[in-house]
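> What follows is a predicted protein model with its sequence.
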Amino acid sequence: TRRSSDLPVASQNIIDSFLGLIAGMFIGALVSRIIWPVLPQRLLRDNLLGLFAGIRALLREDPHQEKIRAQLAIRSVEAQQLIQRIQMHGYSEKEKAGLSALLRQLQATVPRVGHLVSYRKSLPPAAEPLLKPRLERLETEFHQILDTFSECFRQGHCQREFPTLHGA
């Protein structure tokens, strides 16, 4: 007695399966390349928005600070790679250098935000009335800067005045 699993498979079924698989992969690649392309500039925008959100989360003292820091490090490396991959008409080396400089500043901002939060937590009681309002103003203005950058990258239009930390 033979079971159905012991019977040989017809070669036409194997060929049909193979051709169906290849056709599906071709159609999927065509759709992803032409209809819904994953452009490096879109990925860069998403990474930068993630960086701004992560820095905001550090300021808010969200739980899982180490996880947020690890995600920020990964996103910044990915963003740097994406800056180098963008190839479009009108995208100059000066703009690449500007984006790289922005990214380096964001990378340097992460430990500074950590210091700001730790200073806020460990203020001596005598200095608290003097320094706490200043630190709060600094954080408020920093949130405004992050919000403005986020809005700029979401809309794709950055011809505006950006807030500064000089007031704080």
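Yep, that arrived.
> And the helices in the protein?
Counting by DSSP state H, the chain has helices at residues 11-30, 40-59, 65-85, 93-121, 128-155.
> Give the rounded mean pLDDT of the second one.
Over the span of helix 40-59, the pLDDT mean works out to 88.
> Check the offset of it from the chain's centre.
Its chain's C-alpha centre and that of helix 40-59 lie 3 Å apart, by CA atoms, centre = their mean, to the nearest Å.
> Would you mark the buried spots in that helix?
For helix 40-59, burial by neighbour count (16 or more other CB atoms under 10 Å) applies to 40, 43-45, 47-52, 54-59. Every C-beta, even on glycine, is put in place using the N, C-alpha and C of the backbone.
> Can you tell me which of those is nearest Leu106?
Distance to Leu106 across those (CB to CB) is lowest for Leu51, with 5.3 Å.
> which ones are touching that closest one?
Leu51 sits next to 72, 75-76, 79, 106 when contact means CB atoms under 8 Å, 6 or more residues apart in numbering.
> Show me which pair in those is furthest apart.
Spanning the widest gap among these are Leu72 and Ala79, at 10.3 Å by CB to CB.
> What is the neighbour count of Gln155?
Neighbourhood size, Gln155 [other CB atoms under 10 Å]: 9.
> what residues are up against it?
Counting by CB under 8 Å, 6+ apart, Gln155 has no contacts.
> same deal with Ser17?
Ser17 touches nothing, counting by CB under 8 Å, 6+ apart.
> Quick check: it vs Ser32, distance?
For Ser17, the distance to Ser32 (CB to CB, to the nearest Å) stands at 23 Å.
> do Arg137 as well
47 Å.
> Repeat that for Gln155.
Counting by CB to CB - Gln155 and Ser32 are separated by 26 Å.
> go on, Tyr91?
23 Å.
> Got the confidence number for His166?
His166 carries a pLDDT value of 68.
> Equivalent analysis for Phe149, please.
With respect to pLDDT, Phe149 has a value of 85.
> Which residue, other than its chain neighbours, is closest to it?
Nearest non-adjacent residue to Phe149, counting by CB to CB, 6 or more residues apart in numbering: Phe52, 5.7 Å away.
> Ok, Val38 next?
In space, and not counting its chain neighbours, Val38 is closest to Ser32: 7.0 Å by CB to CB, 6+ apart.
> And for Ile83?
Once flanking residues are discounted, Ile83 sits nearest to Leu99: 5.0 Å by CB to CB, 6+ apart.
> ok, that neighbour touching Leu82?
No. At 9.2 Å, Leu99 and Leu82 do not qualify as touching, with contact defined as CB atoms under 8 Å.
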